[in-house]
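# Please work out how this folds:
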Amino acid sequence: MFSWNKIILGCAAVMLVFGACSNEDASAVAPVGAQKVESGENAAKVGAVEDLSNAHIEGRAVNLSDMDNGQKFEYHSYEMASKVRVYELDSVTLDTTGTIWRGFVFDTNGNFRFDSLSLNSPFVMIETEPTKSSHLQISPRLIVDVRKTNSVCVNMLTYLESFRLRHLVQTGVPFDSAKAMAQREVLDAFGLYDESPDYEKKDNEHAQDYLNFTGFFFKNIFMDSVAESFSQSGLLRGLDSWSMQSLISWASNTVEANGNSLEIPYEYYEAIGRTDYYQHLYKQVNFAINFLSALHGLGKCTANIEGTDYEISDGYFTLRCSDNQWKISWNGFKKIDYSVGTMTDNRDRKTYRTVTYNIEGTPLTVMAENLDFGDGTHKEWCFEAKPEDPNLYALELRNVRPAESSGCGTYGGLYRAFDALSLDTTFLVENAFDTCVANYQKYWQGDGPVVIDSNELRETCYYVYLDETKITKWADSVETANGHIQGICPDGWHIPSVNEWKTLWSHLNGSNIGESPFWDPSGFALKYVGQKEERDDYLGIDNEIYFATKPGSISEYDNWLWSWTYHAGSADYGYGIAVVTSFVRCMKN
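Here you go, the predicted model:
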């Protein structure tokens, strides 16, 4: 039983800044077991505390946070008057001596400070107590040599480290060596192979990211059994089967839940003012993938295992070492063989990625990016997401703007059927504009004025009222003569027909066609658009992605002017000529 015979109500001020901290001095110190600091010529080299009878310690306890749909929340926190304790440790065994000092967090950032500690040993354990409302009810701790470090951060990694450090010292490993070994083992256990042991250092905000991630680890296990196992081996792989499965499930769910949102490009998050959310998702997925590699004993991805695949989680995932980075794929999706290449559009010298599939012995090559070209006559429109309205309205010209000379960038261009097929005005229905304006005024504007030059009227009323009979006959005749319709595609490429889309979707059926920084299992590299639910502001994925298609036969109302996909596994096709802006994926002739 601890004796609270020494209580110091120091001017505690622990900054709960998100990071780990410590002022380390690599100078020589007295060996483990010594209770006095070296003197003589080595005196100038000793660390922060030179007089153990008048020691001081300052630091911060680390808040842990997560994000839900872009909103940050704390799941492990401190407040004014949160408790902080300092335990003196035996210099040989690191057991508590019974001498304890107690203090409090004295600001909203969680800073604490202890002054005038009279120590018989240079080793102490600092323990911080989170708020009662914290989801994680564990009191982090840190073991430190005050001669070398007196400015510290206490967090969940230092908590796990303390068990391993104490075990190593009790087996005869010198404190400094044991400390370095325990720090490295803690990081490697979580797959943080490239991180330096800086999670105890002050002003290291980078550490906050992985501290936020690893904190969830402690919510998914029984800490007593994990601490005991890790103290003995320095590994997490020796845990009981229930704990291992719990950790694997947690990491796997993190990859799935957050990874799908990364199939929406960074530029979209940037446009709607949520880059912090994208960065959070990216880091969480990266941490989770590496954590899975550690749990399965694979270690760091290096040149020695480049290109090697490892099935993990009972075959549910495959980890591949690629370019010194672990990448992941779901084995529940169909695996697609493909080869990649590039093509250059001679009209503006833009280069596009391409992907080739071998479908029943016949190669089919399609752009792996959306076309981004306009020629002045046929307009290219750019998707323009906004913080107040991040949705893409494919059936009308909303949240779009005319492309500049440089094009649209990541998403490529949006095209009306008139422009995607490079039609001329002879294909427009006679007097369509006047009829459209009249209908617009009748059904939408009431008796109010009509702004003729608005995008909705000028661009849609004039250019989407196409003569369906004429255009389908034209499409059939051109295809008969040339084998395809080039439309706005570069020379040597064409607008895919309905049958070509069907062939491609059927081949990709069951695969994941989205692209994220961590996977592109099909090569198609579909770039999803975000969609925000108005009721709860939830940001999800808009699955209705339209692609331009060569018009099909007019029979049975099959006036195919575009194709859209939910996933390749449930592809569908729109029909009829209407107000549609679609992306263009050109197919090689």
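# going forward, measure contacts and count neighbours with C-alpha atoms only.
OK.
# would residue 304 count as being in a helix?
Yes - counting by DSSP: H, G, I helix; E, B strand; the rest coil, residue 304 is located in a helix.
# For the stretch 451-589 of the chain, just list every one of the helices.
460-463, 468-482, 498-508 (DSSP state H, counting those that start in this stretch).
# Output these in JSON lines, with distance to residue 287 appended to each entry.
What follows is those, written out as JSON lines (distance: least, C-alpha to C-alpha, whole Å):
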{"stretch": "helix 460-463", "distance to residue 287": "47"}
{"stretch": "helix 468-482", "distance to residue 287": "51"}
{"stretch": "helix 498-508", "distance to residue 287": "29"}
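# List just the one of these that sits closest to residue 281.
helix 498-508 (26.8 Å; C-alpha to C-alpha).
# Flag every buried residue along that closest one.
498, 501-502, 504-505, 507-508 (16 or more other C-alpha atoms under 10 Å).
# Repeat that for stretch 264-276.
Taking 16+ other C-alpha under 10 Å as the criterion, stretch 264-276 shows 264-270, 272, 274-275 as buried.
# Go ahead and name everything in contact with it.
With contact meaning C-alpha atoms under 8 Å, 6 or more residues apart in numbering, stretch 264-276 is reached by 70, 277-278, 384-388, 390, 410, 516, 527-530, 541.
# Which members of the residues you listed occur in strands, if any?
Taking DSSP state E, the ones among these that sit in strands are 529-530, 541.
# what's residue 399 in contact with, if anything?
383-386, 389, 391-393.
# go on, residue 79?
Residue 79 sits in contact with 105-110, 130-131, where contact means C-alpha under 8 Å, 6+ apart.
# Which of the helices or strands spans it?
Taking DSSP states H and E as the definition, residue 79 sits outside all helices and strands.
# and residue 246, how many neighbours?
14 (other C-alpha atoms under 10 Å).
# So it versus residue 288, what's the distance?
13 Å (C-alpha to C-alpha, to the nearest Å).
# What of residue 326?
10 Å.
# will you turn the contacts of residue 79 into JSON lines that also has distance to residue 88 and neighbour count?
Output for the contacts of residue 79, formatted as JSON lines (distance: C-alpha to C-alpha, whole Å; neighbours: other C-alpha atoms under 10 Å):
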{"residue": "105", "distance to residue 88": "19", "neighbour count": "29"}
{"residue": "106", "distance to residue 88": "22", "neighbour count": "21"}
{"residue": "107", "distance to residue 88": "25", "neighbour count": "18"}
{"residue": "108", "distance to residue 88": "27", "neighbour count": "17"}
{"residue": "109", "distance to residue 88": "25", "neighbour count": "21"}
{"residue": "110", "distance to residue 88": "22", "neighbour count": "28"}
{"residue": "130", "distance to residue 88": "21", "neighbour count": "24"}
{"residue": "131", "distance to residue 88": "24", "neighbour count": "19"}
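# What is the nearest of the residues you listed to residue 342?
residue 109 (51.8 Å).
# Output the lowest mean pLDDT helix or strand found in the protein.
strand 562-565 (a mean of 48; mean pLDDT, DSSP states H and E).
# Was I right to think residue 147 contacts residue 122?
Yes - between residue 147 and residue 122 there is a contact under C-alpha atoms under 8 Å: 6.3 Å.
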